[in-house]
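> Fold the stuff below for me.
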Amino acid sequence: MKKTFLAAGLSVAVLAVCAGPASAQLRCYNQVAPDFRMICSDPGLRARDIEVARLTNRLTNSMGPNSRSVLAQQNLSFLRIRGACGPNRGCLRQAYDDQIQALRSMRPGYGRQPYGGPPPMAPTYPQ
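Take a look at the predicted model:
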């Protein structure tokens, strides 16, 4: 009886440990776009990607419709920039760092414009 509970406990622990990294890598399977392949192969870029997703989700859940529209424009701009980076690791890092900063500035009370306008959009990079 004790062996059965021990085996079941170990199985649950192994599944819990294995599920984390595997689930994070699911979206990397069979990616062909150069930017995705670089992001999937670089732990630092993957961490930045997770941070962008976390911040975006948090903001989306706390914003009204008008602010969500600004957030959607910000995200589209970021995706264009990220795609234009291709497999350039430095360009991707900079794009992610800029997006993270832009998203953080959209949090209520952080980086608010004195006139109450929308936060600045992410910069565009020359080709």
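> In terms of helices and strands, where is Thr56?
helix 43-62 (DSSP states H and E).
> Not counting its own residues, what contacts that helix?
The contact list for helix 43-62 (CB atoms under 8 Å, 6 or more residues apart in numbering) reads 24, 38-40, 67-68, 71, 75, 78, 89, 92-93, 96-97, 99-100, 103-104, 106-108. For glycine as for every other residue, the C-beta is placed from the backbone atoms N, C-alpha and C.
> Buried ones among those?
38-40, 67, 71, 75, 78, 92, 96, 99-100, 103, 106 (16 or more other CB atoms under 10 Å).
> now, among those, which is nearest to Val32?
Cys40 (10.9 Å; CB to CB).
> pLDDT at the closest one, what is it?
Cys40 is assigned a predicted lDDT (pLDDT) of 92.
> That one - nearest residue in space that isn't next to it in sequence?
Cys28 (3.5 Å; CB to CB, 6 or more residues apart in numbering).
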